[in-house]
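>>> Any chance you can model this:
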Amino acid sequence: MQINVSKAVSAALDANKPVVALESTIISHGLPRPRNLQAAIEFEDLVASYGATPATIAVLDGIAHVGLEKNEVERISNEDIAKASIRDLPILTARKGSGATTVAATAYLAAKAGIKVFATGGLGGVHRGANESFDESADLSAMATNPVAIVSAGAKSVLDLSATLERLETLSVPVLGYKTNFFPSFWLSKSDLELDWRVENASEIAAVYKAQRALKQDQGILVANPIPEDQQWEKEEHDRILAEGVAAAVAQNVTGKAVTPFLLSYVVEASNGRSLEVNLDLVRNNIKLAAEIAKELAA
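Numbering: from 1, shown residues only. Below you'll find the model as predicted:
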């Protein structure tokens, strides 16, 4: 697959300056128009304001783009394009198609381009009922094979968080709690799942990343960065709406891979958009930490 690295990103990488990768599915599939374009521009501006070069990643006309021009950001915000994971990349290449990259595909292409840090919202993971459906996000296996530090507010709370952590352990992916002893629950700052490792600053995270490379390990790192408590969704409302969504899925016989999209859609509608606002806040929070890590790695 041809990978087109933008001039700005290429220059930053060549000069060993900090670069932060950004996914494009949150723009094309995760937010309504025109809010998605506003968010895409804001996220890139935030990365730059923290002293790093933004590298939003997407596939356009069969070519992977690492770093987008303004018209390309507008394109992924306004066109109906595919949601592209790693398995979809060769198909898009062959058909000269376009796709917004998931966490998995973004990590894969970022690693190919030499980018070490990636900021996203929430990681995909093991889905509820996966013991029957075997439904598990490719984000997890991608982290096991691409040496990128992914800053995320844990995994989406509509997933099976305990099974997700177990799977990451099996894949030998380190999970570092940033100033926390507990795995974040996406819209909430913490779950009841305790983590093995806690870090206090970007320097510690960078040191772990460098140690991985020195050991010639191929895994990435999951940096679990909780949303500040004053920005999190109200727990009672979160728990109530999520429980209602699970019950609605059962009542409507929604099963397998359709469950998670159903729950996410249900939560957005039932919360009157509150969950979307929290989602945006946690991405902003993750971008800040990702830029700090990128600067440490470039120092």
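
>>> So the closest residue to Arg95 other than its chain neighbours versus Phe134, what's the distance?
In this structure, Arg95 finds its nearest non-sequential neighbour in Gly62, 6.9 Å apart by CB to CB, 6 or more residues apart in numbering. Quick note: C-beta positions are derived from backbone N, CA and C, even for glycine. Note on Gly62: its distance to Phe134, by CB to CB, to the nearest Å, is 31 Å.

>>> Likewise for Ser191?
23 Å.

>>> what do you get for Asp230?
39 Å.

>>> coming back round to it: and Ser191 and Phe134? which has more neighbours close in?
When neighbours are counted by other CB atoms under 10 Å, Ser191 and Phe134 differ, and Ser191 comes out ahead with 20 against 11.

>>> Could you tell me which ranges of this protein sit under the pLDDT cut-off?
Scanning the chain with the threshold set as pLDDT under 70 gives 256-258, 260.

>>> which secondary structure element contains Thr56?
Per DSSP states H and E: Thr56 is located in strand 53-60.

>>> what helices or strands is that strand leaning on?
Under the contact definition 3 or more CB pairs under 8 Å, 6 or more residues apart in numbering; DSSP states H and E, strand 53-60 sits against helix 7-14, strand 19-22, helix 35-49, strand 63-66, helix 70-78, helix 89-95, strand 99-101, helix 103-113.

>>> Turn these into CSV, columns for mean neighbour count and distance to Glu234.
CSV is the format used below for the helices and strands packed on strand 53-60 (neighbours: other CB atoms under 10 Å; distance: least, CB to CB, whole Å):
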stretch, mean neighbour count, distance to Glu234
helix 7-14, 17, 39
strand 19-22, 30, 28
helix 35-49, 18, 22
strand 63-66, 22, 38
helix 70-78, 16, 30
helix 89-95, 15, 39
strand 99-101, 27, 30
helix 103-113, 25, 26
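
>>> so the residue nearest to Arg95 touches Ile91, yeah?
No. Contact criterion CB atoms under 8 Å: Gly62 and Ile91 do not qualify, at 9.6 Å.

>>> Need the overlap of contacts for those two.
Applying CB atoms under 8 Å, 6 or more residues apart in numbering, one finds that Gly62 and Ile91 are jointly contacted by Gly97.
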